[in-house]
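Q: Got a sequence here, can you build the structure:
(one chain, ligands or ions: 1)
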Amino acid sequence: MQRVFSGIQPTGVPQLGNYLGAIRNWVKLQNDHDCVFCLVDMHALTIFRDPQQLRTDSLAQAACLIASGIDPSRHVLYNQSAVSAHARLGWIFNCVVRLGWLNRMTQFKEKAGKDREQHSAGLFVYPALMAADIHAFHATRVPVGDDQKQHLEIANDIGAKFNHDYGVDFFPVIEPLIPPAAARVMSLRDGTKKMSKSDPSAQSRIELTDTADEIALKIRKAKSDADALPSEAEGLETRPEARNLVTIYAAMAERPVDDVLSEFGGQGFGPFKSALAELLVETLAPVARETRRLLEDRPHLEAILRSGAERAGAIADPIVSEAERLVGYLR
Ligand code: TYM
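A: All right, here's what the predicted structure looks like:
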């Protein structure tokens, strides 16, 4: 069975983009893969976080993943910092990756903006740690949203350079699993910007713990335009907000965009938005309820993560120890 690895930053509760781009596929892959899911708290540290907030967010994130259908008894769910293999292989990969490759990473450029000198070195070498996350498990399939594509390319480049430099065939090729629909869910306030946990406006995203009323309000207020919905997908090309809302609807309903437009084309946004809110509430309200229930028993959640970390360590430690032997560390 192929091994799946994926991660999410514990920086607030997951939003709809995380759900459609990643989590929903993680849940499905559990049926026929051996899966490792990681709360990447070491990655979260690359931009300063309040320590208490990081702890709270990590538990909320774990609860939300379990409530969405991740099964920590059959698969592995843990937080990254609890397994030393990440840091150990991350360092080796810092020494394999080239500065030129890191300089080309668009996500670093976006996050650092003009203020590059003021950002942590961790943010710059983020892709090497991400490569280590995956390669420490010899994972071959990585389900992510579209924004992580470049990170997976560099992870393959790093694995290949390690294999070449040390004359081995040790790290396998990673295959990105990017969903065909809703691989990039956009902000509800601006259809040209990615929906994100870190957007200062909570109105820009649906969070998995939103109540039915909050979801309905956010969808009602979501930016749209003055025209009726088109009856074919082509008509959405120059209408980013309309395209985003229709894409979300189609992904949630698991229906083709054209099919959705054959139902709503020619109508204004009013009825469509009501139907979209209803669809979202139907799927997400039970997730929110279950997340709240799980969060009432923090010791139980902590025990789940501890057990996950033990199992993750048992897989990754021998692989990373072998990488350490290959580079020539004395033991
Ligand atoms: P993060 O925490 O930003 O996002 C977690 C997952 O959600 C996807 N995603 C989206 N998909 C569609 N539309 C959106 N608006 C949207 N926003 C987020 C992301 O593509 C991702 O799959 N670097 C990673 C975490 C990571 C990782 C890894 C992932 C660290 N190590 C190893 C895979 C394998 C990140 O910051 O994800």
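Q: Going by C-alpha atoms from here, please, whenever you check contacts or count neighbours.
A: Fine.
Q: number of nearby residues for Pro72?
A: 19 (other CA atoms under 10 Å).
Q: which non-adjacent residue is nearest Leu59?
A: Excluding its sequence neighbours, the residue lying closest to Leu59 (CA to CA, 6 or more residues apart in numbering) is Leu301, at 7.0 Å.
Q: That neighbour: neighbouring residues, count only.
A: That count, for Leu301 with other CA under 10 Å as the rule, works out to 18.
Q: which ones are touching it?
A: 59, 62-63, 294-295 (CA atoms under 8 Å, 6 or more residues apart in numbering).
Q: now with 10 Å?
A: 59-60, 62-63, 66, 294-295, 307 (CA atoms under 10 Å, 6 or more residues apart in numbering).
Q: so which of those residues is the most crowded?
A: Neighbour-wise, the contacts of Leu301 (other CA under 10 Å) top out at Ala62, 29 neighbours.
Q: How about the secondary structure of that residue?
A: helix (DSSP: H, G, I helix; E, B strand; the rest coil).
Q: residues contacting it?
A: 8, 10, 13, 37-39, 68, 70, 72, 77-79, 291, 294-295, 301-302, 304-305.
Q: Please indicate which of the residues you listed are buried?
A: Buried members of the contacts of Ala62, counted by 16 or more other CA atoms under 10 Å: 8, 10, 13, 37-39, 68, 70, 72, 77-79, 291, 294-295, 301, 304-305.
Q: how deep is the residue in the stretch 201-331 of the chain that the ligand sits nearest to tucked in, by neighbour count?
A: Per CA to the nearest ligand atom, Arg205 is where the stretch 201-331 of the chain lies closest to the ligand, at 8.9 Å. The tally of other residues near Arg205 (other CA under 10 Å) stands at 27.
Q: So for it, what's the pLDDT?
A: At Arg205, the model reports a pLDDT of 97.
Q: so it touches Val185, yeah?
A: Yes: between Arg205 and Val185 there is a contact under CA atoms under 10 Å: 9.5 Å.
Q: right, is stretch 53-64 up against the ligand?
A: No: contact of stretch 53-64 with the ligand (CA under 6 Å from any ligand atom) is absent, the minimum separation being 10.2 Å.
Q: could you give the mean pLDDT of that stretch?
A: 97.
Q: same check, this time on stretch 287-307
A: 97.
Q: May I see the buried residues of the longest helix along the chain?
A: Longest helix in the chain, counting residues (DSSP state H): helix 298-327. Residues of helix 298-327 classed as buried by neighbour count (16+ other CA under 10 Å): 301, 304-309, 311-313, 315-317, 319-321, 323-324.
Q: Next step: the contacts of Ala62 restricted to helices.
A: The helices, defined by DSSP H, take in 68, 291, 294-295, 301-302, 304-305 from these.
Q: Lys193: which of the residues you listed is nearest?
A: Ser68 (25.2 Å; CA to CA).
Q: if I pick that closest one, what's in contact with it?
A: Neighbours of Ser68 in contact, by CA under 10 Å, 6+ apart: 19, 23-24, 26-27, 62, 208, 283-284, 286-288, 290-291.
Q: swap in His75?
A: 30, 33-37, 308, 311-312.
Q: Gly308 now?
A: If you count contacts by CA under 10 Å, 6+ apart, then Gly308 has 36-38, 72-73, 75-79, 82-83, 302, 314 around it.
Q: ok, then the element right after the worst-scoring helix or strand of the chain on mean pLDDT?
A: Least confident helix or strand of the chain, by mean pLDDT, DSSP states H and E, is helix 106-112 with a mean of 90. Counting by DSSP states H and E, the next helix or strand C-terminal to helix 106-112 is helix 121-135.
Q: Just the buried positions in that following helix, please.
A: 122-135.
Q: Which ones, among the residues you listed, also lie beside the ligand?
A: 130, 133-134.
Q: related to what we said a few turns ago, with distance to Gly265 added, can I get the contacts of Gly308 in a markdown table?
A: Output for the contacts of Gly308, formatted as a markdown table (distance: CA to CA, whole Å):
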| residue | distance to Gly265 |
| --- | --- |
| Val36 | 41 |
| Phe37 | 39 |
| Cys38 | 41 |
| Pro72 | 42 |
| Ser73 | 45 |
| His75 | 42 |
| Val76 | 44 |
| Leu77 | 42 |
| Tyr78 | 45 |
| Asn79 | 45 |
| Ala82 | 51 |
| Val83 | 51 |
| Glu302 | 48 |
| Ala314 | 54 |
